[in-house]
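Asker: here is the input, now give the coordinates:
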Amino acid sequence: MYQPDKKDTIVAIATPLGPGGVGIVRLSGKDSLNLALRLFTSAKNNFQGVKPYRLHHGWIKDFQGRTLDEVLLSFMPGPGSYTGEDVVEINCHGGPAILQSLVDALIKMGARPAEPGEFTFRAFLNGRLDLTQAEAVAEMITAPTRASISLAQTKLKGMLGQKISELRSKLESLRQDLCVAVDFPEEDIECLPREHLIQKVRDCVEEIDELINNYNQEHIWQDGALVVLAGRVNAGKSSLLNALLGRERAIVTDIPGTTRDYLEESINLQGLPVRLVDTAGLRKTNDIVEKEGFLRGQELIKKADLCLTIIDSRLGPGSEDRDILKKVAAEKVVIVANKMDLLDEEPDWTNEFKEKKLDLIFISAKYGQGLKELTTLIRKKIIGHKKEPEPGRLVPNLRQKNSLQKARDELNLLIEETKTELPYDLLGTRLDYACTLLAEITGEITPDDVLNRIFENFCIGK
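Answerer: Modelled structure (predicted):
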């Protein structure tokens, strides 16, 4: 990972790989403009140099001096650029060979290939973004729906980071009050009454709880709801996956156990991002690979927001299906009776599920019957009648939520210890740790391994 003391100039293709109408090569660092101009020739005869924040028309050469492409070049000087350093972007035709030839030429001139997320990492290190905003950049790029874009935009504007900083300031103010109480023990009651300390900490806990609840309620809009297809072999799980996707993703045969591992694909259900997972069919087997696929499927079922239990409507449920239903809460289950096209009338086995008031729906994955009703039911089961999150709603991601939970737990312990008359200097350690956890969210205090995990998941060029 890039270190703050390095001053090298980095380069990368900033647009997705593959053919396209336009491609962009991005440079960042003190030599960005100098390197670009060594390859650039302006279309103007009286060219007087590059002006910031303007597009300059001309041609670019490869490292052998041959004209490579007609381009538009722009220059954003630091510290007002995205990274906080001098940045140059070269817009050319989006052919992979053109883009890579340009990158190769700039590397020959002295630039270094950028690592994943390094442009955003430099923006973070140079104070252009806090860590919540940097993570929001990645969330914007991968946002699967309009709602997830809105949630990421709120964080990109710095609103979550601002909220976390405000909470941390409140706790640091309490920490200062504790220090005064320790320095002047005879003034203990006047400096910071314990009831006052407890109430102030409770106020912070309530604000943290609100953020955690926002995650619990809304995270599916940015992470996607996990919907697992489970059931016995040959019940039609893979056929249903293909039908919902509208394409042949999973292999479908009459041979039992075709799917031996799980397959995951994403779909958009009327604005709701859903991660569909087709698991290995349930049956007794001595096949080591199939057993491992079964175990992985069981773990996914436990984590699922919704489990679709696929049953061959002609055969009814087996012991394996009932085992699933024992492990999953009723509100997280839909019984999907497949192969309805082979039925003359509704079978008697459905009565036991109706008595238990479980959601049951008949479909034919082969012919698409009942799929519209099924997708409507899936969406209803996951989000009920809730609308998309309102603009401006602060929803932390999983990493941020975990840090908030740890900070909340620390503050709750502080409240209990305050009631036991524990000395103020010992109570202060709880506040210190809670402040550190909040600082990790915004990146003011963050271990290198955490930063590496965050930025290594970015695409190269961002």
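Asker: and the strands in this protein?
Answerer: 10-13, 23-28, 40-42, 56-61, 67-76, 87-92, 112-113, 225-231, 263-269, 272-278, 306-312, 333-338, 359-362 (DSSP state E).
Asker: wait, which of those is closest to residue 413?
Answerer: strand 225-231 (32.1 Å; CB to CB). All C-beta atoms are positioned from the backbone trio N, CA, C, and that covers glycine.
Asker: partner strands of the closest one, with direction?
Answerer: Sheet pairing of strand 225-231 (DSSP bridges) gives strand 272-278 (parallel), strand 306-312 (parallel).
Asker: could you dump the first one to PDB, C-alpha only?
Answerer: Think strand 272-278. Provided in PDB are the C-alpha atoms of strand 272-278 (Å, rounded to 0.1, in the frame of the first residue of the first chain):
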ATOM      1  CA  LEU A 272     -34.400  -3.900  -4.200                       C
ATOM      2  CA  PRO A 273     -30.900  -5.500  -4.700                       C
ATOM      3  CA  VAL A 274     -31.100  -9.300  -4.000                       C
ATOM      4  CA  ARG A 275     -28.300 -11.800  -3.800                       C
ATOM      5  CA  LEU A 276     -29.700 -15.100  -5.100                       C
ATOM      6  CA  VAL A 277     -27.900 -18.300  -3.900                       C
ATOM      7  CA  ASP A 278     -28.600 -21.700  -5.400                       C
END
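Asker: got the contact list for that strand?
Answerer: Here strand 272-278 makes contact (CB atoms under 8 Å, 6 or more residues apart in numbering) with 144-145, 147-148, 220-229, 237-238, 240-241, 244-245, 250, 259, 262-268, 300, 304, 378-379, 382-383.
Asker: got a quick ChimeraX command for the buried subset of the residues you listed?
Answerer: With 16 or more other CB atoms under 10 Å as the burial test, the buried ones among those are selected in ChimeraX as follows:
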select :144,145,147,148,220,221,222,223,224,225,226,227,228,229,237,238,240,241,244,250,259,262,263,265,267,300,304,378,379,382,383
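Asker: measure residue 21 to residue 55 for me?
Answerer: 16 Å (CB to CB, to the nearest Å).
Asker: scratch that, residue 336 is what I was asking about
Answerer: Shown here: residue 336 relative to residue 55, a distance of 55 Å by CB to CB.
Asker: returning to that earlier point: who's more crowded, residue 21 and residue 55?
Answerer: Set residue 21 next to residue 55 and count neighbours by other CB atoms under 10 Å: residue 55 wins out with 12 against 8.
Asker: what's the neighbour count on the closest residue to that one other than its chain neighbours?
Answerer: Leaving aside its sequence neighbours, residue 55 sits nearest to residue 72 (CB to CB, 6 or more residues apart in numbering; 4.5 Å). Counted with other CB under 10 Å, the neighbours of residue 72 add up to 16.
Asker: with residue 453 instead?
Answerer: Residue 453: 11 surrounding residues under other CB under 10 Å.
Asker: swap in residue 33?
Answerer: Counted with other CB under 10 Å, residues neighbouring residue 33 total 22.
Asker: so what's it up against?
Answerer: Residue 33 makes contact with 50, 75, 86, 88, according to CB under 8 Å, 6+ apart.
Asker: tell me the one of those nearest residue 203?
Answerer: Taking CB to CB as the measure, residue 203 lies nearest residue 86 of the contacts of residue 33, at 45.1 Å.
Asker: for that closest one, give me its contacts.
Answerer: Contact analysis of residue 86 by CB under 8 Å, 6+ apart lists 28-30, 32-33, 75-78.
Asker: do you know how far it is from residue 340?
Answerer: The value you get for residue 86 to residue 340, if CB to CB is used, is 64 Å.
Asker: repeat for residue 396
Answerer: For residue 396, the distance to residue 340 - CB to CB - is 43 Å.
Asker: cool, and residue 24?
Answerer: 51 Å.
Asker: hmm, back to that, by pLDDT, give me the weakest of the contacts of residue 33.
Answerer: Note: of the contacts of residue 33, the lowest pLDDT belongs to residue 50, at 93.
Asker: that residue contacts residue 56, doesn't it?
Answerer: Yes. Between residue 50 and residue 56 there is a contact under CB atoms under 8 Å: 5.7 Å.
Asker: anything in contact with each of the two?
Answerer: Here residue 50 and residue 56 have residue 73 as joint contacts, going by CB under 8 Å, 6+ apart.
Asker: quick one, which of those two is more surrounded?
Answerer: Taking other CB under 10 Å, residue 50 and residue 56 do not tie; residue 56 has more neighbours (20 against 17).
Asker: what's the closest non-adjacent residue to that one?
Answerer: Nearest one to residue 56, counting by CB to CB, 6+ apart, is residue 73 at 4.7 Å.
Asker: which ones are touching the one you found?
Answerer: By CB under 8 Å, 6+ apart, the residues touching residue 73 are 36, 40, 50, 55-56, 58, 60, 88-91.
Asker: biggest helix in the chain by residues?
Answerer: Longest helix of the chain, by residue count under DSSP state H: helix 194-223.
Asker: before we move on, back to that, dump the residue contacts of the residue nearest to residue 55.
Answerer: By CB under 8 Å, 6+ apart, residue 72 lies in contact with 55-57, 90-91.
Asker: in those residues, find the pair that's most separated.
Answerer: 57 and 90 (11.7 Å).
Asker: what touches both of those two?
Answerer: Shared contacts of residue 57 and residue 90 (CB under 8 Å, 6+ apart): 71-72.
Asker: ok, residue 396 and residue 340, which is more surrounded?
Answerer: More neighbours surround residue 396 than the other of residue 396 and residue 340, with 25 against 18 (other CB under 10 Å).
Asker: what's the burial count for the closest residue to the more buried one other than its chain neighbours?
Answerer: Excluding the flanking residues, the one nearest residue 396 by CB to CB, 6+ apart is residue 215, at 5.2 Å. Neighbour count for residue 215, taken as other CB under 10 Å: 20.
Asker: so residue 215 is in contact with residue 401, correct?
Answerer: Yes. The criterion here is CB under 8 Å, and residue 215 meets it with residue 401 at 4.3 Å.
Asker: pull out the buried members of the contacts of residue 86.
Answerer: Buried among the contacts of residue 86 by 16+ other CB under 10 Å: 28-29, 32-33, 75-76, 78.
Asker: ok so, going back, now render the contacts of residue 72 as a markdown table, adding pLDDT and distance to residue 318.
Answerer: Shown next, in a markdown table, are these (pLDDT from 0 to 100; distance: CB to CB, whole Å):
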| residue | pLDDT | distance to residue 318 |
| --- | --- | --- |
| 55 | 96 | 66 |
| 56 | 96 | 70 |
| 57 | 96 | 70 |
| 90 | 97 | 62 |
| 91 | 97 | 60 |
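Asker: any chance of those residues in JSON lines, plus distance to residue 152?
Answerer: Output for these, formatted as JSON lines (distance: CB to CB, whole Å):
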{"residue": "55", "distance to residue 152": "28"}
{"residue": "56", "distance to residue 152": "32"}
{"residue": "57", "distance to residue 152": "34"}
{"residue": "90", "distance to residue 152": "27"}
{"residue": "91", "distance to residue 152": "25"}
